[in-house]
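Colleague: no letters, just coordinates:
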């Protein structure tokens, strides 16, 4: 049941993306509003799908939050990106909606259709049976999503500035997403450290996933300092944010190809 | 010298150091890493070489130098923040802001402005002839938080340094076994100061065969008396006398119950591979070399090694030796090492084999962890203040002129001039009934 609902939400995101392309060419605000509402409908459906999957895991006797494997992390990543973009998009940044809708539809589609992504509900191995699992994974992925949005907004804002257009709204959003992402991702790293201390007796072990999370954190710390140094939406800060985005992707996916303790995600 | 100090306290320096740390960490995940321990007695140059190797970057001088330089940068930035506290009111940026008349009494107006102001603003006041200049600045709230944020990084570094003086060891215990010492990460045997016994180890599985739980039942003993105990599970460490015990690993093995008799006395003992035993007041000594469920396709057996007066001897002790002998009547002549009475005057018998678990327990003490935790909490609180409190400056000039108080205001956010906050202006008007 949850798979069906999540599948429908994927198509809603896809439809909203196509609508957003049309809205970008339209003069009126009606289509833009329709895109926002379609994205919200997709988010609500996806939330229902995730809640159903959680409930189904209890029905199977292995109950856990749907944040325990690659499939579930892809779904949550898509959910986080849409959630964080909608609040801002209604007021100021409709230009970001086509990007985030394409990303969400892509993540959901990859989770559902890629043969190497195992979508079944699996019980938790002993190392993952902890209350820290949900808070750690949620904060890390909300942080990733914020960083993705900061980079998209920063790139769009820089492009607008270079074309001589007003980019004050995007500049403000760039700062907000950076701040939110940095706070949440810091909480993600901290909760991971506390969990590692509880599971393995050390808060930091230079495991590749940990190290790449630190790399991402350091890059976005550099973006924040560079933004302050250059006084706003400067080219150098945006380039660093793009490098940060590559680091987010490597922290999430690339690092799984390195040996380590986080190979299950 | 001034240029050098300015560089080391600059944001440019911070960005360069952060990106240098990034490059080092990236190298650490690409180049295979392993802990390099300098060999004692080889001098300072060997120590330096060991600490410069790219295969142990996380314990290298490269990382230590970068962390040290970042600390220097942080300290110098913090020093600037302390100095900045003595700042005077900056020149107002009224620009072309218009004047508004809002009542008659400038003191009442002043009180109204302060009462309705955002709570994150701290005000300074200056009398300029007949007018009052109010300057509100959220940096008074943000600056200590930025200071605390940088201090938290230093605190985390101090905690990480102290963690290097902690304990990191491992104990392997079979069910029923007791240990009074552990092996640390360098291979040194360290006394616990008490004993720990594993009464039971249990592995449970889900229906699909995946492991569900590993549980060791531990008892902590002092002078042979049990003082504490509990179930040790993954994610649920036990703490005793400042040491933290973690469920790390396990392995399954076979145990055997054997009996030995010399015709007068009889002994029964549970043995595992590798055990060295002494019986009969030390007259009989042997080692358990191997335990197998189906040795040479003749069923369960043990291989025992004896240090006999006539030289080393091995004994293959089969559980079903009588059945084998029925099939091969001259077995002991053809293979004397199969004879349970090979070592006179003793006769051995294998009673049964039972599966048994050995649990791997981590033993840790980390004096730096509480400091890192305090640093982490401080970092989080300061991050929330720094990012959630906008960098806002406001200037308000109140002037009594011709029986009315005029109000002129300006604001800047993150260094950029912007309109006086409309919501605040509405509050000021409402508070005065205007």
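Modeller: Structure received. Quick caveat, the model's predicted, so the values are computed rather than measured. Numbering: from 1, shown residues only, chains lettered A, B, ... in the order given.

Colleague: for chain B, where's the lowest mean pLDDT among helices and strands?
Modeller: Ranked by mean pLDDT, DSSP states H and E, the helix or strand of chain B with the weakest confidence is strand B:100-101, at a mean of 73.

Colleague: if you count contacts, what does that strand end up packed against?
Modeller: Using 3 or more Cβ pairs under 8 Å, 6 or more residues apart in numbering or on different chains; DSSP states H and E, the elements in contact with strand B:100-101 are strand B:404-413. (C-beta placed from N, C-alpha, C; glycine too.)

Colleague: give me the sheet partners of the helix or strand following the strand it packs on and which way each runs.
Modeller: Using DSSP states H and E, the helix or strand that directly follows strand B:404-413 along the chain is strand B:416-418. Note on strand B:416-418: by DSSP bridges, its sheet partners are strand B:404-413 (antiparallel).

Colleague: quick one on the thing from earlier: which residues are contacting the least confident helix or strand of chain B?
Modeller: For strand B:100-101, contacts defined as Cβ atoms under 8 Å, 6 or more residues apart in numbering or on different chains pick out B:404-408.

Colleague: go with 10 Å
Modeller: If you take Cβ atoms under 10 Å, 6 or more residues apart in numbering or on different chains as the criterion, strand B:100-101 is touched by B:401-409, B:420, B:425, B:428-429, B:434.

Colleague: in ChimeraX, how would I select the buried members of those?
Modeller: Selection of the buried residues among these in ChimeraX, burial being defined by 16 or more other Cβ atoms under 10 Å in any protein chain shown:
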select /B:405,406,407,408,409,420,425,428
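
Colleague: now, the most widely separated pair of the contacts of strand B:100-101?
Modeller: B:403 and B:420 (24.2 Å; Cβ to Cβ).

Colleague: what number of residues lie near residue A:149?
Modeller: 28 (other Cβ atoms under 10 Å in any protein chain shown).

Colleague: next, the contact list for it, please.
Modeller: Contact analysis of residue A:149 by Cβ under 10 Å, 6+ apart lists A:80-81, A:84-85, A:88-89, A:93, A:96, A:99-100, A:103, A:173-174, A:176-178, A:180-181.

Colleague: run the last query once more with 6 Å
Modeller: By Cβ atoms under 6 Å, 6 or more residues apart in numbering or on different chains, residue A:149 lies in contact with A:84-85, A:177.

Colleague: what helix or strand does it sit in?
Modeller: helix A:132-162.

Colleague: repeat for residue A:227
Modeller: Going by DSSP H and E, residue A:227 is in helix A:208-230.

Colleague: helices or strands up against that helix?
Modeller: Secondary-structure packing of helix A:208-230 (3 or more Cβ pairs under 6 Å, 6 or more residues apart in numbering or on different chains; DSSP states H and E): helix A:168-200, helix A:235-252, helix B:11-30.

Colleague: that one to helix A:168-200, inter-axis angle?
Modeller: 150 degrees (axes from the mean of the first three to the mean of the last three Cα atoms, to 10 degrees).

Colleague: what residues sit buried inside helix A:208-230?
Modeller: Those would be A:208-229, for helix A:208-230 by 16+ other Cβ under 10 Å.

Colleague: quick one: mean pLDDT for that helix?
Modeller: Helix A:208-230 comes out with an average pLDDT of 94.

Colleague: how about residue 229, what does it touch?
Modeller: With no chain named, the answer covers chain A. residue B:11.

Colleague: that was the other one, I meant chain B.
Modeller: By Cβ under 6 Å, 6+ apart, the residues touching residue B:229 are B:218-219.

Colleague: for it, what are phi and psi?
Modeller: Main-chain dihedrals, residue B:229, degrees, to the nearest 10: phi -180, psi 180.

Colleague: which pLDDT does the model give it?
Modeller: 92.

Colleague: same question, residue B:77
Modeller: Per the predicted model, pLDDT is 88 at residue B:77.

Colleague: neighbours of it, how many?
Modeller: Neighbour tally, residue B:77, other Cβ under 10 Å: 18.

Colleague: name the helices or strands packed onto the worst-scoring helix or strand of chain A on mean pLDDT?
Modeller: Least confident helix or strand, chain A: helix A:70-91 with a mean of 88, by mean pLDDT, DSSP H and E. Secondary-structure packing of helix A:70-91 (3+ Cβ pairs under 6 Å, 6+ apart): helix A:30-59, helix A:97-113, helix A:132-162.

Colleague: what's it in contact with?
Modeller: Contacts for helix A:70-91 (Cβ under 6 Å, 6+ apart): A:36, A:39, A:43, A:46, A:66-67, A:96-97, A:100, A:103-104, A:107-108, A:111, A:117, A:119, A:141-142, A:145-146, A:149, A:173, A:265.

Colleague: in it, what counts as buried?
Modeller: Those would be A:70-86, A:88-90, for helix A:70-91 by 16+ other Cβ under 10 Å.

Colleague: is the helix or strand containing residue B:170 anywhere near chain A?
Modeller: In this assignment (DSSP H and E), residue B:170 forms part of strand B:167-174. No - applying Cβ under 6 Å from any Cβ of the partner chain, one finds strand B:167-174 separated from chain A by no less than 7.4 Å.

Colleague: can you map out the helices along the stretch 201-350 of chain B?
Modeller: Counting by DSSP state H, counting those that start in this stretch, the stretch 201-350 of chain B has helices at residues B:321-327, B:331-334.

Colleague: with distance to residue A:190, mean neighbour count and mean pLDDT as extra columns, can I get these in a markdown table?
Modeller: Below are the helices of the stretch 201-350 of chain B laid out as a markdown table (distance: least, Cβ to Cβ, whole Å; neighbours: other Cβ atoms under 10 Å in any protein chain shown; pLDDT from 0 to 100):
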| stretch | distance to residue A:190 | mean neighbour count | mean pLDDT |
| --- | --- | --- | --- |
| helix B:321-327 | 63 | 13 | 90 |
| helix B:331-334 | 68 | 12 | 89 |
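
Colleague: tell me who's in contact with the residue nearest the centre of chain A.
Modeller: Centroid-nearest residue in chain A, with Cα atoms, centre = their mean: residue A:145, separated by 2.6 Å. Neighbouring residues of residue A:145 by Cβ under 6 Å, 6+ apart: A:80-81, A:84.

Colleague: look up the closest residue to it, ignoring the ones flanking it.
Modeller: Nearest residue to residue A:145 in three dimensions, chain neighbours excluded: residue A:80, at 3.7 Å (Cβ to Cβ, 6 or more residues apart in numbering or on different chains).

Colleague: also residue B:367?
Modeller: Leaving aside its sequence neighbours, residue B:367 sits nearest to residue B:162 (Cβ to Cβ, 6+ apart; 5.0 Å).

Colleague: pretty sure the one you found sits against residue B:370.
Modeller: No - applying Cβ atoms under 6 Å, one finds residue B:162 not in contact with residue B:370, separated by 9.1 Å.

Colleague: great, nothing more from me.
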